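In: this is a predicted model, with the sequence first.
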Amino acid sequence: KAGVTQTPRYLIKTRGQQVTLSCSPISGHRSVSWYQQTPGQGLQFLFEYFSETQRNKGNFPGRFSGRQFSNSRSEMNVSTLELGDSALYLCASSLSWTGTSSPLHFGNGTRLTVT
Amino acid sequence: QQQVKQSPQSLIVQKGGISIINCAYENTAFDYFPWYQQFPGKGPALLIAIRPDVSEKKEGRFTISFNKSAKQFSLHIMDSQPGDSATYFCAASRKGGSRLTFGEGTQLTVNP
């Protein structure tokens, strides 16, 4: 079974621009979560989607948004990019959003560099 | 109260030795405690997980020990191998949700 696929792998953007990252979950998984990973802040939760609805949101500004499509694929968007948005953005999928019986499986991430 | 504290930040172990990584949490609502392994250029991969109704769980060379009263849990890697060299993250989530709160990570180096 194919794993979580994230595209693109690398992205370079300029301050003020916006960016869209894509995630295809493991087949059959209906929940998709997004995490930001930086050397200073570690792994931080952005948001989670299940059945096209946002179920949970982390402490990030409104510039960070996401959505999920009917096929469970997800996108996240960051508008008005700042230098501090440079990070590895990880997508994770699971069968459901109840956690304990449905572990998260991560993709290899999209490395975003903002210049 | 949502934090998970992980130590040490880095660890160097000889091949065949035991690697021990510790985590502590504050939020008693956490009820699922996974460990993830991450290699450079890759996403975190689930290694082993435990629930608080169990004090120990073993899978191969990897063991989680859980102390509910102390709100601490640890990962033991027996017979550590150079291929185990990676960054290890502990995490926790609340009942009924899959949102993970991660520890700061431990960079493990196993020397041959």
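Out: Done, it's in. Residues are numbered from 1 along each chain as shown, chains lettered A, B, ... in the order given.

In: what does chain B put close to chain A?
Out: Within chain B, the positions near chain A by Cβ under 8 Å from any Cβ of the partner chain are B:31-32, B:34, B:36, B:41-46, B:49, B:51, B:89, B:91, B:93-105. All C-beta spots, glycine's among them, are computed from the backbone N, C-alpha and C.

In: among those, which ones are buried?
Out: B:31-32, B:34, B:36, B:43-44, B:49, B:89, B:91, B:93-94, B:97-105 (16 or more other Cβ atoms under 10 Å in any protein chain shown).

In: isn't A:Leu11 up against A:Val19?
Out: Yes: counting by Cβ atoms under 8 Å, A:Leu11 touches A:Val19, with 6.1 Å between them.

In: please say which of those two ends up with more neighbours.
Out: Shown here are A:Leu11 and A:Val19; by other Cβ atoms under 10 Å in any protein chain shown, A:Val19 has more neighbours (18 against 15).

In: quick one: contacts for that one?
Out: A:11, A:13, A:77-78, A:81, A:112 (Cβ atoms under 8 Å, 6 or more residues apart in numbering or on different chains).

In: how about B:Gly83, secondary structure?
Out: Of the three states, B:Gly83 takes helix under DSSP: H, G, I helix; E, B strand; the rest coil.

In: strands of chain B, residue ranges please.
Out: Using DSSP state E, the strands found in chain B span residues B:4-7, B:10-14, B:19-25, B:30-38, B:45-50, B:56-59, B:62-67, B:72-77, B:86-94, B:101-102, B:106-111.
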